[in-house]
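Peer 1: predicted model and sequence below, questions to follow.
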Amino acid sequence: MSDVEEATTRAHHEEWAPGVAALARRFGDLDIAEEAAAEAFATAVERWPADGVPPNPGAWLTTTANRKAIDRIRRENKRDDKHKEAQMLHDNTPPEPLGAIDDDRLRLIFTCCHPALAMEARVALTLRMLGGLTVPEIARAFLVQETTLEQRITRAKAKIKAARIPYRVPSAEDLPARVSGVLAVLYLVFNEGYLATGPDTDPVRHDLTAEAIRLTRLIRALLPEDGEVAGLLALMLLTEARRTARVSASGELVTLDEQDRGAWDKALIVEGHRLVRERLAAAAAGVAPGRYQILAAINAVHTSAGDIRDTDWSQVVALYDQLVHLDSSPIVALNRAIAVAELDGPEVALAAVDRLEDKLAGYYAYHATRADLLRRLGQSQQSRAAYDKAIELAGNTAQTANLTRRRDQLR
């Protein structure tokens with residue numbers, strides 16, 4: 001809870017109930033007193049973050065509420081005159097159109113993802129304002145320090161102000177220029193739900209994954225010809241299909257090789273595979289697939305295998321080779337190395353992973369991957385050290401439990 005929230009809560013519980021009663025006695029109207037109190041609290045929430053919490057929050061609220069009540073009474077006294085004026089005027093102005101998007105939340109996300117902002121800035125700002133993620137969660141998603149992320153958000157706000165970027169609901173013509181940022185926002189929201197990065201949250205947050213899927217379905221209806229929208233929806237569905245198998249009854253994360261594939265959601269897999277086939281047909285017709293479409297195809301390979309041993313790893317590696325040309329991030333390189341280990345062996349994969357140390361030294365999955373490869377190569381001491389580092393960096397208890405068990409199984 002922030003200082004502002006603590007102060008307003010304290011004032012409400014300790015001082016405000018008597019204040020409302022006093023206002024009601026003074027003005028002879030409990031409704032006016034309660035509305036004045038609500039307005040005073042709204043003013044506090046707006047002003048205190050910038051001005052600082054006053055030494056006596058209760059007194060500040062009481063004074064502000066008195067002023068609000070007086071203003072309200074003055075307005076009430078003028079109401080009859082205003083009603084007469086209103087009867088003389090008839091406003092035929094239609095309500096402001098909502099644009100191409102009916103859903104309130106999706107409309108706001110599209111509005112915030114303004115193309116005048118750099119992609120990382122618009123995604124970070126929108127995640128913070130509308131995505132339901134905290135600054136630490138967003139920073140972990142971008143693999144940056146919290147201070148770096150906060151500076152990025154501050155610069156985005158400053159640019160909006162300096163460039164006078166208008167707050168305007170986008171039209172249908174605006175959507176294609178903004179959709180890439182919106183998809184990035186929803187993908188990161190989904191990822192936080194799929195595997196929460198915070199230590200004090202549930203390891204899997206179905207509220208986030210379900211909302212991300214819901215909003216992506218709406219975008220699919222708005223932009224049915226956009227291949228990346230279909231790709232992201234397929235990726236989410238095929239990932240969500242495995243949700244119930246990803247955490248054991250004891251609260252331990254269950255990795256793909258150990259999951260009960262009979263517990264996967266077959267309906268979601270069927271829908272996801274259908275979308276992937278649609279995109280493959282488009283690719284055969286000469287439409288190059290994008291990042292989300294390739295990621296969805298990789299997940300389609302995994303969800304097509306009845307057993308981990310049946311996985312077509314050569315196809316997975318080939319798909320990662322395509323992805324590298326679109327996204328050369330170290331995370332993609334790490335995931336490719338994991339697939340290479342199954343195709344060419346752990347020694348080849350370990351060499352590829354070690355080349356990523358300078359970029360992923362603070363990322364738990366880098367050390368967890370090294371630990372597993374070293375274990376398979378019989379290097380138990382080095383594997384144990386890598387597991388220790390992964391456990392130190394792990395984001396939630398489910399990850400920690402899985403890594404600890406694997407470490408303790410080393411001879």
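Peer 2: Perfect, I can see it now. Numbering: from 1, shown residues only.

Peer 1: what's the burial count for the closest residue to T311 other than its chain neighbours?
Peer 2: Closest residue in space to T311, ignoring its immediate chain neighbours: A305 at 4.4 Å, by CB to CB, 6 or more residues apart in numbering. The C-beta positions use only the backbone N, C-alpha and C, and glycine is treated the same way. Residues lying near A305 (other CB atoms under 10 Å) number 14.

Peer 1: residue contacts, A305?
Peer 2: R261, T311, D312 (CB atoms under 8 Å, 6 or more residues apart in numbering).

Peer 1: quick check, the first one in contact with R309.
Peer 2: No: contact status for R261 versus R309: not in contact, 11.6 Å apart, counting by CB atoms under 8 Å.

Peer 1: of the two, who's got more company?
Peer 2: R261 (16 against 8).

Peer 1: find the nearest non-adjacent residue to the more buried one, please.
Peer 2: G306 (6.4 Å).

Peer 1: tell me how the protein divides into domains.
Peer 2: 3-88, 312-411 (automatic domain parsing).

Peer 1: and those, which one averages the lowest pLDDT?
Peer 2: Mean pLDDT is lowest for domain 3-88 among the domains of the chain, at a mean of 59.

Peer 1: contacts for stretch 257-267?
Peer 2: Against stretch 257-267 from outside (CB under 8 Å, 6+ apart): E240, A241, R242, R243, T244, A245, R246, T303, A305, G306, D307, I308.

Peer 1: quick check: phi and psi at G290.
Peer 2: phi -100, psi -170 (degrees, to the nearest 10).

Peer 1: quick one on the thing from earlier: keep only those of the contacts of A305 that are in strands.
Peer 2: For the contacts of A305, not one is inside strands, with DSSP state E as the criterion.

Peer 1: export the residues you listed to a markdown table and tack on distance to V324?
Peer 2: Below are the contacts of A305 laid out as a markdown table (distance: CB to CB, whole Å):
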| residue | distance to V324 |
| --- | --- |
| R261 | 28 |
| T311 | 20 |
| D312 | 19 |
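
Peer 1: can you count the residues close to K157?
Peer 2: Around K157 there are 14 residues (other CB under 10 Å).

Peer 1: equivalent analysis for V340, please.
Peer 2: The number of residues near V340, taken as other CB under 10 Å, comes to 21.

Peer 1: if I look at it, how far off is N299?
Peer 2: Between V340 and N299 the computed distance is 18 Å (CB to CB, to the nearest Å).

Peer 1: which of the contacts of stretch 257-267 ranks first by neighbour count?
Peer 2: Within these, most neighbours by other CB under 10 Å means T303, with 25 neighbours.

Peer 1: what helix or strand is it located in?
Peer 2: helix 291-304 (DSSP states H and E).

Peer 1: and the next element down the chain from that helix?
Peer 2: Downstream of helix 291-304 (by DSSP H and E), the next one is helix 313-326.

Peer 1: buried stuff in that next one?
Peer 2: For helix 313-326, burial by neighbour count (16 or more other CB atoms under 10 Å) applies to W313, Q315, V316, V317, A318, L319, Y320, Q322, L323.

Peer 1: tell me the centre residue of this protein?
Peer 2: Centroid-nearest residue in the chain, with CA atoms, centre = their mean: V189, separated by 2.2 Å.

Peer 1: so how far does stretch 222-232 reach from one end to the other?
Peer 2: Length of stretch 222-232, first residue to last, CA to CA, to the nearest Å: 14 Å.

Peer 1: verify the stated contact: E357 with H367.
Peer 2: No: using CB under 8 Å, E357 is not in contact with H367, being 9.6 Å away.

Peer 1: mind checking which of the two has more residues around it?
Peer 2: H367 (25 against 12).

Peer 1: what does that one show for phi and psi?
Peer 2: Backbone torsions of H367, given as degrees, to the nearest 10, read phi -70, psi -40.

Peer 1: ditto for the one 10 residues further on
Peer 2: Here the main-chain torsion angles of L377 (degrees, to the nearest 10) amount to phi -90, psi 0.

Peer 1: residue contacts, it?
Peer 2: P346, E347, L350.

Peer 1: next, count neighbours for R217.
Peer 2: R217 has 14 neighbours, counted by other CB under 10 Å.

Peer 1: just to revisit the earlier point, quick one, phi psi at the residue nearest to T311?
Peer 2: phi -90, psi 130.

Peer 1: that one and N299, how far apart?
Peer 2: When A305 is compared with N299 (using CB to CB), they lie 11 Å apart.

Peer 1: now the host helix or strand of A212: mean pLDDT?
Peer 2: Mapping A212 onto the secondary structure by DSSP H and E places it in helix 206-222. Helix 206-222 shows a mean pLDDT of 91.

Peer 1: beyond it, next helix or strand please.
Peer 2: Proceeding N to C from helix 206-222, the next assigned helix or strand is helix 227-240, under DSSP H and E.

Peer 1: for that next one, what is the average pLDDT?
Peer 2: Helix 227-240 comes out at a mean pLDDT of 96.

Peer 1: residue contacts, the closest residue to M119 other than its chain neighbours?
Peer 2: Spatially, and ignoring its direct neighbours in sequence, M119 is nearest to G181 (6.1 Å; CB to CB, 6+ apart). G181 makes contact with C113, P115, M119, R122, V123, T126 under the criterion CB under 8 Å, 6+ apart.

Peer 1: identify the residues contacting stretch 182-194?
Peer 2: Counting by CB under 8 Å, 6+ apart, 106, 109-110, 113, 119, 123, 126-127, 130-133, 137-138, 141, 204-213, 215-216, 219, 228-229, 232, 235-236, 239-240, 243, 292 sit against stretch 182-194.
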